[in-house]
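> curious how this folds, go ahead:
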Amino acid sequence: MKIIKKIGLLLLIVFVVAQFFGPDKNEGDMTSVDAFFTDTNPPEDVKMILKNACLDCHSDSTRYPWYNNITPVNYWLADHVKDGKKHFNMSKWSDYSDKKKDHKLDELIEMVEDKEMPLDSYTLTHGEAKLSAAQIESVVAWANTVRLKYVFLKEPQ
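A predicted model of the protein is given here:
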């Protein structure tokens, strides 16, 4: 029994010490997405959907929940954000070529239509991010309209 208490105490100490360490936070300036919104010109309802369901993981500015202060949860969240930004980063929209912008919007449409985005793990704690059928339709219609712009602007292949 003494060994179990020692192991438990050691684990508790490791957990407490781990709380003093954490990954870097993704806390850039919210104006970093202005170029995306200016270029794609979403209607207000779609803009709110994007803000509520996408920006935390797909921009350089994340609104962190209280539980992000708990290790190892903060590492799990940081990994999600890093992965989300790798696939699509609204803050880097100006850096994308027209061909890449078209491709990113095509992926956005596919992921939203297939209900793969936003992730279930995100909507579990962010109820406002769970998209209704009407919201999905609005986002898809907007993205398809914006894609038309890039179809004509794509570089020659």
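> all contacts plus neighbour counts: C-alpha atoms, from now on.
Noted.
> mind checking the backbone torsions on the residue most central in space within the chain?
Nearest to the geometric centre of the chain sits Cys57, at 1.8 Å (C-alpha atoms, centre = their mean). Note on Cys57: backbone dihedrals following degrees, to the nearest 10 are phi -100, psi -20.
> so it is in contact with Lys86, correct?
No. Counting by C-alpha atoms under 8 Å, Cys57 does not reach Lys86; the two are 9.6 Å apart.
> pull the longest helix from the chain.
Counting residues, the longest helix found in the chain (DSSP state H) is helix 133-153.
> output the contacting helices and strands for that one.
In terms of contacts (3 or more C-alpha pairs under 8 Å, 6 or more residues apart in numbering; DSSP states H and E), helix 133-153 is packed against helix 44-53, helix 98-113.
> of those, which approaches Leu10 most closely?
Shortest distance between Leu10 and the helices and strands packed on helix 133-153, using C-alpha to C-alpha, is found for helix 44-53: 39.7 Å.
> pLDDT at the residue nearest to the centre of the chain, what is it?
Looking at Cys57, its pLDDT reads 82.
> re the thing from before, between the helices and strands packed on helix 133-153, which gets nearest to Glu137?
Closest to Glu137 of those is helix 98-113 (C-alpha to C-alpha; 8.1 Å).
> tell me the buried residues in the closest one?
For helix 98-113, the neighbour count (16 or more other C-alpha atoms under 10 Å) marks Asp98, Lys99, Lys101, Asp102, Lys104, Leu105, Leu108, Ile109, Val112 as buried.
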